[in-house]
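Chemist: just the structure for this:
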Amino acid sequence: MSYYQYPQYPYQPPRESTGLSVASLVLGILSMLGFAAIILVPLAGVITGHMAYRREPQSRGLALAGLITSWFGLALAILAYAAMIWFIWFIGSEYGSYSYDENMTYS
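Modeler: Residues are numbered from 1 along each chain as shown. Predicted coordinates:
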């Protein structure tokens, strides 16, 4: 009976986690799909993207994609909030100074 030795495999360190990078990318995609109305979604994507870019060197591509989509979603959210504030201000200034008594003529 012959016994063969099993081949020796070199030690491989465990793979690093890519959780922050994936979370950043998911939050960035969600913020671009319209969830930027809740400003916390793109803001959380930006924060997790920056954390992932520093902590996870193996998945810098995912972290960078998450950062880009999150920053774009944050810019869209800021523009949408600015447009809403301008619209409310415009409507208020147009119709807020109107008075019914000013346009009446008394005979």
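
Chemist: can you pull the contacts of the residue at minimal distance from the centre of the chain?
Modeler: Closest to where the C-alpha atoms of the chain average out (CA atoms, centre = their mean) is Pro42, at 2.2 Å. Going by CB atoms under 8 Å, 6 or more residues apart in numbering, Pro42 touches 27-28, 31, 36, 70-71, 73-74, 76-77. Bear in mind the C-beta positions are built from the backbone N, C-alpha and C, glycine included.

Chemist: least confident pick among these?
Modeler: Lowest-confidence member of the contacts of Pro42: Ala36, scoring 71 (pLDDT).

Chemist: so that one sits against Phe72, correct?
Modeler: No - applying CB atoms under 8 Å as the test, Ala36 and Phe72 come out as separate, 9.2 Å apart.

Chemist: returning to what we had before: quick check: which element contains the residue nearest to the centre of the chain?
Modeler: Using DSSP states H and E, Pro42 falls within helix 40-55.

Chemist: show me how far the helix or strand following that helix is from its chain's centre.
Modeler: For helix 40-55, the succeeding helix or strand toward the C-terminus, using DSSP H and E, is helix 60-95. Relative to the mean C-alpha coordinate of its chain, helix 60-95 is positioned 11 Å out (CA atoms, centre = their mean, to the nearest Å).

Chemist: just stretch 50-60 next, same as before
Modeler: Remark: stretch 50-60 is offset 17 Å from the chain centroid, using CA atoms, centre = their mean.

Chemist: buried residues, it. List them.
Modeler: 50, 52-53, 56, 59 (16 or more other CB atoms under 10 Å).

Chemist: ends of that stretch, what's the gap?
Modeler: By CA to CA, to the nearest Å, the extent of stretch 50-60 from end to end equals 10 Å.

Chemist: identify all contacting residues around that stretch.
Modeler: For stretch 50-60, the surrounding residues in contact (CB under 8 Å, 6+ apart) are 15-18, 20-24, 62-64, 66-67.

Chemist: of the residues you listed, buried ones?
Modeler: For the contacts of stretch 50-60, a burial check counting by 16+ other CB under 10 Å picks out 20-24, 62-64, 66-67.

Chemist: brilliant, that's me finished.
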